[in-house]
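Student: Build me a model:
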Amino acid sequence: MKLIDQVDLDDLSRAAADAPRRRMNLNLHQDYSDLCQRLFNALEPGTYIRPHRHTEPPKTECFLAVRGRMALLLFDDAGTVVKSVIFGAGCEVLALDLPPGVWHSVVCLEPGSVFFETKPGPYVALSDKDFAPWAPLEGTPEAGVYLKTLKLAVAPETEAVNHA
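Tutor: You can find the predicted model right below:
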């Protein structure tokens, strides 16, 4: 049995803040070959999660906000944001279940944000994600510029309603 407490999440958030990618995960599954991948994802503002989808094999994902606020962005095949959903502390939405094959990304809106994720395994790095060809590669100067446009795509009226 694994017990995850507030200190573990504090440590995870500190590790994310110190990481070059501004995010860190804490895996609960024993191995990447496990049939159910379960993990905590700590995000800090400035992290860039390149839009992607899960098609080969098709995988659903479930996100449950634990701390902070984040926005899930959904895209059409051309890269246009078609929906943004703010989830987390003070929001109406706390969890999201995403069907396979949907282009998506998560934008961190507050320091110390953490969500719990489950998805079918096994995790195979080379085929887990189909990265969006219209989105810049992580770690490039273009990614920083693109992240700013993604933040602007978070519906301000939704944020005001959800954070009230």
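
Student: Please enumerate the helices of this structure.
Tutor: 6-18, 141-153, 156-163 (DSSP state H).

Student: Can you say which of those is nearest to Leu126?
Tutor: For Leu126, the closest of the helices of the chain is helix 141-153, at 20.9 Å, according to Cβ to Cβ. No exception for glycine: its C-beta is placed from N, CA and C like everyone else's.

Student: The closest one - what's its average pLDDT?
Tutor: Taken as a whole, helix 141-153 has an average pLDDT of 95.

Student: residues making contact with it?
Tutor: Gly46, Tyr48, Arg50, Leu73, Val81, Ser84, Ser105, Val107, Ala135, Pro136, Leu137 (Cβ atoms under 8 Å, 6 or more residues apart in numbering).

Student: Where does the prediction get shaky in this structure?
Tutor: 155-164 (pLDDT under 70).

Student: picking that back up, okay, the helices of the chain, which one's buried deepest?
Tutor: Stretch with highest mean neighbour count among the helices of the chain: helix 6-18 (a mean of 15; mean count of other Cβ atoms under 10 Å).

Student: Return the distance of that helix from the chain's centre.
Tutor: 16 Å (Cα atoms, centre = their mean, to the nearest Å).

Student: what packs against that helix?
Tutor: Judged by 3 or more Cβ pairs under 8 Å, 6 or more residues apart in numbering; DSSP states H and E, the packing partners of helix 6-18 are strand 23-27, strand 36-43, strand 61-67, strand 113-120.

Student: what residue is smack in the middle of the chain?
Tutor: The structure's the chain has its C-alpha centroid closest to Val106; by Cα atoms, centre = their mean the separation is 3.9 Å.

Student: give me the beta-bridge partners of that one?
Tutor: Counting by DSSP bridges, Val106 is bridged to Leu72.

Student: now the helices of the chain as JSON lines including distance to Gly112?
Tutor: What follows is those, written out as JSON lines (distance: least, Cβ to Cβ, whole Å):
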{"stretch": "helix 6-18", "distance to Gly112": "5"}
{"stretch": "helix 141-153", "distance to Gly112": "17"}
{"stretch": "helix 156-163", "distance to Gly112": "15"}
